Structure formats: structure tokens, C-alpha cells
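[1] I would like the atomic coordinates for the input below:
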Amino acid sequence: MERGLKSAEAYRATALLCRQQAACDPDKSWQLLGEAERWEYLAEEQSAPDLKGCNLPQSGQRNTGIAPPSAPAAMVMTKLV
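    Next up is the predicted model:
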């Protein structure tokens, strides 16, 4: 499992480098962004077996464990200003 996660991390790092290069080289951006997408796909494929046993919430059921704020953010901001 450890090896798979390290490989996935390396794939994601490579994807990030591709995206950064795309931002600096507009002429090759489409090619570099395509490569980044490919590396992200490989990272997902690599980490999928490792995450198979995790207890992840079903889609649409996000449980962060954090209680929602009691007052709207706009009210909090007006009190701070």
C-alpha cells in the first residue's frame, strides 16, 4: 500500500509540474494540460485499490465533522468591521 501511495503522489507532482509549465508556455499549454490530465488519471488508478477499504461518504453525503456556524458569515463580518 505504501508504494502505491508514493507512486500516486509522484504522479500528482508530475501533473502539477505540467500545469505550471502550461501557464508559462501558452504555445504548448494544450499539450501540457493533456499530459497533466493523464498523470492525474494514473494517480487515481494507482490509489484506487488503496482507498477501496476506506469508509468514504457516498456522493452527496458530505460529513466533515464540523458543525455549521450559528450566524451567517455576513453577520460575523459586519461585527468585526
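[2] who's in contact with the closest residue in space to residue 42 that isn't next to it in sequence?
    Spatially, and ignoring its direct neighbours in sequence, residue 42 is nearest to residue 11 (4.8 Å; CB to CB, 6 or more residues apart in numbering). Just so you know, the C-beta spots here come from the backbone N, C-alpha and C atoms, and that holds for glycine as well. When contacts are counted by CB atoms under 8 Å, 6 or more residues apart in numbering, residue 11 touches 39, 40, 42, 43, 46.
[3] by contact count, what packs against the one helix or strand the last one maps to?
    Secondary-structure assignment from DSSP states H and E places residue 46 in helix 29-51. Using 3 or more CB pairs under 8 Å, 6 or more residues apart in numbering; DSSP states H and E as the contact criterion, the neighbours of helix 29-51 among helices and strands are helix 2-24.
[4] in the helix it packs on, what's buried?
    The neighbour-count check on helix 2-24 (16 or more other CB atoms under 10 Å) flags 8, 11, 12, 14, 15, 18, 19, 21, 22 as buried.
[5] between it and helix 29-51, how many degrees?
    Using axes from the mean of the first three to the mean of the last three CA atoms, to 10 degrees, the inter-axis angle of helix 2-24 relative to helix 29-51 is 160 degrees.
[6] With just CA atoms, put helix 2-24 into PDB.
    Extracted in PDB, the C-alpha atoms of helix 2-24 (Å, rounded to 0.1, in the frame of the first residue of the first chain):
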ATOM      1  CA  GLU A   2       2.800   2.400   0.900                       C
ATOM      2  CA  ARG A   3       4.400   2.000  -2.500                       C
ATOM      3  CA  GLY A   4       1.200   2.700  -4.300                       C
ATOM      4  CA  LEU A   5       0.600   5.900  -2.400                       C
ATOM      5  CA  LYS A   6       4.100   7.100  -3.100                       C
ATOM      6  CA  SER A   7       3.600   6.400  -6.800                       C
ATOM      7  CA  ALA A   8       0.300   8.300  -6.800                       C
ATOM      8  CA  GLU A   9       2.000  11.200  -5.100                       C
ATOM      9  CA  ALA A  10       4.700  11.300  -7.700                       C
ATOM     10  CA  TYR A  11       2.100  11.200 -10.500                       C
ATOM     11  CA  ARG A  12       0.300  14.100  -8.900                       C
ATOM     12  CA  ALA A  13       3.600  16.100  -8.600                       C
ATOM     13  CA  THR A  14       4.300  15.500 -12.300                       C
ATOM     14  CA  ALA A  15       0.800  16.700 -13.200                       C
ATOM     15  CA  LEU A  16       1.400  19.800 -11.100                       C
ATOM     16  CA  LEU A  17       4.600  20.500 -13.000                       C
ATOM     17  CA  CYS A  18       2.800  20.100 -16.300                       C
ATOM     18  CA  ARG A  19       0.200  22.600 -15.300                       C
ATOM     19  CA  GLN A  20       2.800  25.100 -14.100                       C
ATOM     20  CA  GLN A  21       4.700  24.700 -17.400                       C
ATOM     21  CA  ALA A  22       1.400  25.200 -19.300                       C
ATOM     22  CA  ALA A  23       0.900  28.500 -17.500                       C
ATOM     23  CA  CYS A  24       4.400  29.700 -18.700                       C
END
